[in-house]
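Chemist: Give me coordinates for this.
(2 chains)
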Amino acid sequence: MTAVRPVVLSRALHPGAWWLWALGLATAAGRTSNPLLLVLLVAAAGCVVVRRRGDNPWALAFPMYLALGAFIVVSRVVFRVVFGGGQGDHVLFTLPEVPLPEWAAGVRLFGPVAAEQVLGGVYDGLRLAAMVVCVGAANALANPKRMLKALPGALHEIGTAVVVALTMAPQLVESVQRVRRARALRGGRQRGMRALRGIAVPVLEDALNRSLALAAAMASHGYGRTGTAAPRARRVTGALVIGGLLGVCAGLYGVLGSDTPPWLGVPLLLGGLGLAVAGFVLGGLRVRRSTYRPDRWRAAEFLVAGSGIATGVLLYVSARADAAVLHPSLSPLTWPEAAPLPVAAILLGALPAWLAPPPPVPAAAREAVA
Amino acid sequence: MIRFENVTIAYAGAARPALRAVDLRIREGELCLVTGRTGIGKSTLLGAVNGLVPHFTGGHLAGRVTVAGVSTADAPPQELAHLVGVVGQDPLAGFVTDTVEEELAYGMEQLGLAPEVMRKRVEETLDLLGIAPLRDRALRTLSGGQQQRVAIGSVLTRQPRVLVLDEPTSALDPAAAEDVLAAITRLVHDLGTTVLVAEHRMERVLQYADRLVHLPGEGRVLAGEPAALVRETDVAPPVVRLGRLAGWNPLPLSVRDARRAAGPLRERLADRVPPPVPGTAGETVLSARDVVVGYGSVTAVRGVSLELAAGQVTALMGRNGSGKSSLLWALQGSGPRRSGSVDADGTDPGRVSSRRARTLVGLVPQSAADLLYLESVDAECAQADRESGAAPGTARSLLDDLAPGIPGGRHPRDLSEGQRLALVLAVQLAAAPRTVLLDEPTRGLDYPAKERFTALVRRLAREGRAVVVATHDVEFAARAADRILVMADGEVVADGPTADVVVSSPAFAPQVAKVLAPQRWLTVEQVADELAAVAGEVRA
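Modeler: Have a look, this model is predicted:
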């Protein structure tokens, strides 16, 4: 007899859950410039990605985001060294200063490099890098196509257009390669415009034919079966959705930025969300379409999204309570400290590495095992 | 099920209507084969069934087309999606999503079916077409036959009452085509689906058809029992032409029927042998040693050695993906080659400039139109002369030899499939290569065009060139080729005179060989000549 205990079945988590989780972490990162906390946050995100990503192409993009983060930190530091300004007492070394003409007063090239200056660049860069890495984590974990499928019914047409565009891109590359090879068969040794024309004309012709064939196929598949929506209802829906999304963008900016006026943050975000949802619901009412194997929002999704949001909220709260820990002082220069509350909050964000179900195994690999 | 009532379809700018006063009734559950020459209006007829013509293509439709009582005048193709499923020639061009399972579900999503129903139907369809192991594969990575079966599946999940297929097997090798046709006949027999299918290579479908719809030209449409109608049609598969020749009644439509009727014919031909291969092989013009072609971790050609002789036509056969194209490109020199050597007149075409390589070996690629990019036939010919450093007018006179009477001002896109092939061939021959390689040239050619192309290939060989034709078309290979090379998995698995290779093979044997085996007749023409000779001897 084997022990009967609940087994976590492998499945793909709802992409929305991963995005909520990542946005929660990104919000947390935006609230602090403490390098210890930021490094911990990046480690937490990395841990989740490593344990829960599949083997799809987009899942392999995470190292690229890490590299991008490193680049951001380095460029911030270099920037501060070059256009130094020379604040700070702890001069590490002095570079020969480049004299600038009169009109460039206030700008200084090189000169003494202070520890405060370099650290300021590192802290600043780390914060931005951590936010980028969070977005990268969401990209690696959430299947972009399932995300499009999860779009509200009102946006279905746009989603299909995006998927079609994504599949067209590799086809275009393929057709360029094919035509280039064909040009070689004619001994094509032309350069410049004539060569371009020799390739562009067949490729465009090909693309056009293919688009027409695809449009005909989609029509015969029933794409664009119309409901009976009045044009006015469609305009109202559109206005609601676009206005709402603009509100959401501005609200996100308010929440993520640390020195924006408070009214620009949560209230605008919520207001925008409300508008957009109303638009989607209205639009969705006239759509008679269904989704194959929809991603359901189940307990694991709540846990994952919740952990990310909790991290964001906790850091938001502790920023109110004890700003000194989240923003270590540069003058006087102090060693950054990690307080228990923010550390616990960030560790909470790493929990999906165990809470989320493992990603599904593709059929080919399944056969290999069986 | 489908009714055409006095239907006339005319496209803007066309001199005469594509279809004229067509009356046609197709009953439920029929498998209906649509035949006719290229450009005669088959696609127009098929497109009119679900309203793509004229809603999508433009043009004017007079009369009435109804499917299950719904008129296409009242409903655009979208609103007929639950009744009619359409599968085109190139499955890849019609895919909307990018994995098998999603593609199967796409049409149902548009109809708004419940998720449980969709899940069940996807599983059933996967099993029905035998594509369950492919369920989460990317569509682009599938072979042609698999893609075509997915395309059929994506239509079937909607459970349409009518299935319209426009040349579903034209891009497939014989085995993959059999798979697809088996799937289609199974639908007719098990589900009672009404199927309308257009097919160039009639020999593959005719025996399964309940009804034949033939377009003889000038917009007319004839419909009737296949065995009766096929007596007069201008396009007919070899087995039917053999039946006409031997005067069998009723006319056999399948190899099985023909074989049962062929006893007396076999007796008459018993102590006769087919004439020896006409092409006499001359000196070797190209020889390849241990050619290996690989892309990344995939090895497409594994150490192929071969010699091509002047005056010889070689057919290169084998299933899709067996390395035929890779080998041709490597022989021409512009494709990749990992190791091995090619020797054409003492020079390795892979080691010289592309301009020099094409004077040694000329290649017409699978999508021949890729080579054309100018606005008129004359401009293409003039450009070809410049590229080859040939005297002005060389390409044009070659073209007039190959396919007389193509107006010089015509845009290459407006040429027929056969004319475009001739133009590309003329462009390549302007460089006067002694070896000519053709990759899948017979795709999209109807019987008469194929006939002309066969003569053309024989002539190229007679003029002292070595010709290689990669093809899936066994009937064409039997008539045109002296020698057959069969490739599998990147290796040459059979190489020999046509009769030796094809007679013994179930997949590559032409219909006449199957009917008359173990005698070694390959084509109706051979049999006709021999019967004439017999008759002459008897009279004398």
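
Chemist: contacts, neighbours, all on C-alpha from now
Modeler: Will do.

Chemist: Same question for the helix or strand encompassing A:Val42: list its buried residues.
Modeler: Here A:Val42, judged by DSSP states H and E, is contained in helix A:35-52. Judged by neighbour count using 16 or more other CA atoms under 10 Å in any protein chain shown, the buried positions of helix A:35-52 are A:35, A:37-49, A:52.

Chemist: can you check stretch A:338-357 too?
Modeler: A:342-343, A:345-353, A:355-357.

Chemist: got it, and stretch A:245-254?
Modeler: Those would be A:Leu245, A:Leu246, A:Gly247, A:Val248, A:Ala250, A:Gly251, A:Leu252, A:Tyr253, A:Gly254, for stretch A:245-254 by 16+ other CA under 10 Å.

Chemist: ok, now stretch B:63-77?
Modeler: B:Arg64, B:Val65, B:Thr66, B:Val67, B:Val70, B:Ser71, B:Thr72, B:Ala73, B:Pro76, B:Pro77.

Chemist: Could you dump those into TSV with distance to chain A, pLDDT and secondary structure added?
Modeler: Listed next are these as TSV, based on distance: CA to the nearest CA, whole Å; pLDDT from 0 to 100; DSSP: H, G, I helix; E, B strand; the rest coil:
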residue	distance to chain A	pLDDT	secondary structure
B:Arg64	19	93	strand
B:Val65	16	94	strand
B:Thr66	16	94	strand
B:Val67	14	93	strand
B:Val70	15	90	strand
B:Ser71	15	91	strand
B:Thr72	12	90	coil
B:Ala73	15	87	coil
B:Pro76	9	86	coil
B:Pro77	5	89	helix
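
Chemist: Between which two of those is the distance greatest?
Modeler: By the measure CA to CA, B:Arg64 and B:Pro77 form the most distant pair in the buried residues of stretch B:63-77, at 15.1 Å.

Chemist: Off-centre distance for the longest helix along chain B?
Modeler: Scanning chain B for the helix with the most residues, using DSSP state H, yields helix B:174-191. What separates the centre of helix B:174-191 from the centre of its chain is 17 Å, taken as CA atoms, centre = their mean, to the nearest Å.

Chemist: then that helix to PDB, C-alphas only?
Modeler: The C-alpha trace of helix B:174-191 is given here as PDB (Å, rounded to 0.1, in the frame of the first residue of the first chain):
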ATOM      1  CA  PRO B 174       2.700   8.900 -52.500                       C
ATOM      2  CA  ALA B 175       2.600   7.300 -49.000                       C
ATOM      3  CA  ALA B 176       1.500  10.600 -47.300                       C
ATOM      4  CA  ALA B 177      -1.100  11.100 -50.000                       C
ATOM      5  CA  GLU B 178      -2.500   7.600 -49.300                       C
ATOM      6  CA  ASP B 179      -2.800   8.500 -45.600                       C
ATOM      7  CA  VAL B 180      -4.700  11.600 -46.300                       C
ATOM      8  CA  LEU B 181      -7.000   9.900 -48.900                       C
ATOM      9  CA  ALA B 182      -7.600   7.000 -46.500                       C
ATOM     10  CA  ALA B 183      -8.700   9.600 -43.900                       C
ATOM     11  CA  ILE B 184     -11.100  11.200 -46.300                       C
ATOM     12  CA  THR B 185     -12.700   8.000 -47.500                       C
ATOM     13  CA  ARG B 186     -13.100   6.900 -43.900                       C
ATOM     14  CA  LEU B 187     -15.000  10.100 -43.200                       C
ATOM     15  CA  VAL B 188     -17.400   9.400 -46.100                       C
ATOM     16  CA  HIS B 189     -18.000   5.900 -45.000                       C
ATOM     17  CA  ASP B 190     -18.200   6.300 -41.200                       C
ATOM     18  CA  LEU B 191     -19.600   9.800 -40.800                       C
END
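
Chemist: For chain A, which element, helix or strand, carries the lowest mean pLDDT?
Modeler: Lowest on mean pLDDT, DSSP states H and E among the helices and strands of chain A sits helix A:363-369, with a mean of 53.

Chemist: Would you mark the buried spots in the longest helix of chain B?
Modeler: So, applying 16+ other CA under 10 Å, buried residues of helix B:174-191: B:174-181, B:183-185, B:187-188.

Chemist: Check those residues and tell me the two furthest apart.
Modeler: The widest separation within the buried residues of helix B:174-191 (CA to CA) is 21.1 Å, between B:Pro174 and B:Val188.

Chemist: Number of residues surrounding B:Ala12?
Modeler: 11 (other CA atoms under 10 Å in any protein chain shown).

Chemist: Does it belong to a helix, a strand or coil?
Modeler: Counting by DSSP: H, G, I helix; E, B strand; the rest coil, the backbone at B:Ala12 sits in coil.

Chemist: which ones are touching it?
Modeler: B:Ala12 makes contacts with B:Gly58, B:Gly59, B:His60, as judged by CA atoms under 8 Å, 6 or more residues apart in numbering or on different chains.

Chemist: Highest neighbour count among those residues?
Modeler: B:Gly59 (16 neighbours).

Chemist: Am I right that that one is in contact with B:Ile9?
Modeler: Yes. Between B:Gly59 and B:Ile9 there is a contact at 6.9 Å, judged by CA atoms under 8 Å.

Chemist: gap between stretch A:342-349 and the chain center?
Modeler: With CA atoms, centre = their mean, you get 21 Å for stretch A:342-349.

Chemist: Stretch B:381-392 now?
Modeler: With CA atoms, centre = their mean, you get 31 Å for stretch B:381-392.

Chemist: quick one: the strands in the stretch 301-450 of chain B?
Modeler: Assigned by DSSP state E, counting those that start in this stretch, the strands in the stretch 301-450 of chain B fall at B:313-317, B:339-344, B:361-364, B:435-439.

Chemist: Not counting residues beside it along the chain, what's closest to the closest residue to chain A within the stretch 351-500 of chain B?
Modeler: Nearest residue of the stretch 351-500 of chain B to chain A, counting by CA to the nearest CA: B:Arg355, 4.1 Å away. Closest residue to B:Arg355 apart from its sequence neighbours, by CA to CA, 6 or more residues apart in numbering or on different chains: A:Gly187 at 4.1 Å.
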